[in-house]
Every structure is written in structure tokens, then in C-alpha cells.
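S.K.: Requesting a structural model of the entry that follows:
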Amino acid sequence: MGAKDEAAFEAFVAARSGDLLRTAVLLTRDRGHAEDLLQTALVKAYRRWNRIGGDPYPYVRRVLVTTAASWRRLRTTQEIVALPAHEYATPDGTDVVDERQRMTDVLATLPPRMRAVLVLRYTEDLSEADTAELLGCSVHTVRSQTVRGLARLRALLGAGAPSIVLEEC
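M.R.: Residues are numbered from 1 along each chain as shown. As a prediction, this is how the structure comes out:
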């Protein structure tokens, strides 16, 4: 390719790459894939640049569209990921948020003192004595409210859940 053709190609890329990238994004729905697609289309156009007559934009756009279609066909046959049977998907974190919300809702159904005892004991990690002092009640009251509160939480949430979820809140 001569210097004149190379300068014309560079001018075309500078002037029209934004429009082509927008088309590529609409075709792929992913900016990264769209940039790769545009790069591939421009390489293909560069190889035939001296044979393109008139406005090169329709030609490059056509290359962009046909390359996107062939990528889609390749992806459907080649990029199928098969996970081994023994591997499980990792949790995405929404389960933890759902469980916290569930625990918050169940805690809201408890009487205020019982709720305060459980929150102070398990989320603030206070001792029975510190909790009793903070609430202005006896240690025995804190113990009984803890036992009753955990029993209610177990009944509402299921066995084993309260201590695990309270510590995470």
C-alpha cells in the first residue's frame, strides 16, 4: 500500500471509527467485543483498501456486520463451556443479602427488649454483664431473654440459623 492510500485509510479511521464503533456496540451489546470486532473489520478493510472504490464506509460497515455474524456462529459452536460435574458455581452474594433481610424481618417481630438483647449479644459481641449494664437490667434477665429470643428465632427461621446469621449481620 502506498503512502497516499495509507494516509487515506488513517483519515477514514479517524473520521468514521466512532460511527463504526457505535454500530459494533449495537451488534455485540458489549463494548470490549465491539472494539475487537471493529479492529478485525478495519484489518480486513486495510488489506483490500486499494480495491475499495468510492466511499469506503458502506464496505467497512458490511465487513463489520458479516464478521459479527460469523463470530456469533463461532461462539455458539466453539465457546460452550462445560463445567465438570463435581464443581459447583460459587454463590454470588445475593443469598447473604436475602438471609440478612430475612433475619431483620424476623427480628422486627420480637419484643424490643428481646431484640435489643440479641442484637447486643450477637452483633455487638457484648458479654451478658455488659448487655445487662447497658440495658439497665439483671444478668438473669439477659440470659432468659437470650434463650427465649433464640428459641423464637429458631422456630421462625429453622434450626441452627439464628446464631450463624446474627453473627454475620
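S.K.: Tell me where the longest helix sits in the protein.
M.R.: In the chain, assigned by DSSP state H, the helix with the most residues is helix 3-28.
S.K.: average pLDDT for the helix or strand following that helix?
M.R.: Once the chain leaves helix 3-28, the next helix or strand it forms, by DSSP states H and E, is helix 31-47. For helix 31-47, mean pLDDT is 92.
S.K.: count of residues packed around Asp30?
M.R.: Here the count is done by other Cβ atoms under 10 Å, and Asp30 has 12 residues near it. Bear in mind the C-beta positions are built from the backbone N, C-alpha and C, glycine included.
S.K.: For Ala24, see how far away it is.
M.R.: From Asp30 across to Ala24, the span is 9 Å (Cβ to Cβ, to the nearest Å).
S.K.: Same check on Arg115?
M.R.: Going from Arg115 to Ala24 by Cβ to Cβ gives 55 Å.
S.K.: So for the two, which sits in the more crowded spot?
M.R.: Applying other Cβ under 10 Å to Arg115 and Ala24 shows that Ala24 carries more neighbours, namely 26 against 16.
S.K.: what separates the closest residue to the more buried one other than its chain neighbours from Ala7, distance-wise?
M.R.: What sits nearest to Ala24 in space, not counting adjacent residues and going by Cβ to Cβ, 6 or more residues apart in numbering, is Ala34, at 3.7 Å. Taking Cβ to Cβ as the measure, Ala34 falls 26 Å from Ala7.
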